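**Q** below are the sequence and a predicted model; questions follow.
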Amino acid sequence: MRAKAAIEKMSRDRDAIVVTEIPYQVNKAKLIERIAELVRDKKIDGISDLRDESDREGMRIVVELKKEEPAQVVLNNLYKLTPMQSSFGIIMLAIVRNQPKILNLREALFCFIEHRKEVVRRRTIFELNKANARAHILEGLKRALEMLDAVIALIRASKEPAVAKEGLMTQFRFSAEQAQAIWICACSA
């Protein structure tokens, strides 16, 4: 992991290194302290000023260089001697086909893509089943509207909801879900 730094011209013979991002889990104050320590101990030459210009807009650490100092050399030394560049060790352990396995990057990406395909497939099947169930109920409501008077007469003649639903299923060949939806619509009207 490496900090994002850019070299900016300050004047015609002076440059500045501007750091806008630092690696994960690196404390900005400790990083600035470490750079100042290296300058004080003369382990890094060429730095004339160091300041933190961070605000709500984002992070900005400015490292001003001395006259005609090669900026790229100083930047490379900062990467080498400070936490501006660090490695982050990980073990890509995953459960593949119910077995724990250490994966390389390619295998991890392949497993992730396969997982996402499975999730999308299952979600699509779920939504399709839900839409089919809704279409089935709407078909029953449409058929009930076509023979509205007979359906209303049957529901009014029934003493109990169960009798009305049973009558809808036997006389008009509605499914249980359709009969329930018709009963709910009739009660709410």
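**A** Yes, it's here. Numbering: from 1, shown residues only.
**Q** do you know how far the spatially most central residue of the chain is from Leu168?
**A** With distances taken as C-alpha atoms, centre = their mean, the residue of the chain nearest its centroid is Arg116 (12.8 Å). The spacing between Arg116 and Leu168, counted by C-beta to C-beta, to the nearest Å, is 44 Å. No exception for glycine: its C-beta is placed from N, CA and C like everyone else's.
**Q** can you check Ile44 too?
**A** Note on Ile44: its distance to Leu168, by C-beta to C-beta, is 86 Å.
**Q** compare those two and say which is more crowded by neighbours.
**A** Taking neighbours as other C-beta atoms under 10 Å, Ile44 and Leu168 compare with Leu168 leading, 26 against 19.
**Q** so for the helix or strand harbouring the more buried one, mean pLDDT?
**A** If you go by DSSP states H and E, Leu168 is part of helix 161-171. Helix 161-171 carries an average pLDDT of 93.
**Q** what is that helix packed up against?
**A** helix 148-157, helix 176-188 (3 or more C-beta pairs under 8 Å, 6 or more residues apart in numbering; DSSP states H and E).
**Q** verify the stated contact: Met10 with Val63.
**A** No: Met10 is beyond contact range of Val63, at 11.0 Å (criterion: C-beta atoms under 8 Å).
**Q** all the helices of this protein, in order from the start?
**A** 28-40, 71-81, 105-146, 148-157, 161-171, 176-188 (DSSP state H).
**Q** any idea of the pLDDT on the nearest residue to Val151 once chain neighbours are set aside?
**A** Nearest residue to Val151, sequence neighbours excluded (C-beta to C-beta, 6 or more residues apart in numbering): Ala144, at 4.9 Å. We have a pLDDT of 95 for Ala144.
**Q** now Ala144: how far from Lys159?
**A** Counting by C-beta to C-beta - Ala144 and Lys159 are separated by 20 Å.
**Q** same thing with Ala16?
**A** The spacing between Ala16 and Lys159, counted by C-beta to C-beta, is 89 Å.
**Q** of the two, which one has the most company?
**A** Ala16 (19 against 7).
**Q** beta-bridge partners for the more buried one, please?
**A** Beta-bridge pairing of Ala16 under DSSP bridges involves Glu8, Glu64.
**Q** need the contact partners of the helix holding Leu168.
**A** Residues from elsewhere that reach helix 161-171 (C-beta atoms under 8 Å, 6 or more residues apart in numbering): 144, 150-151, 154-155, 158, 174-176, 178-180, 182-183, 186.
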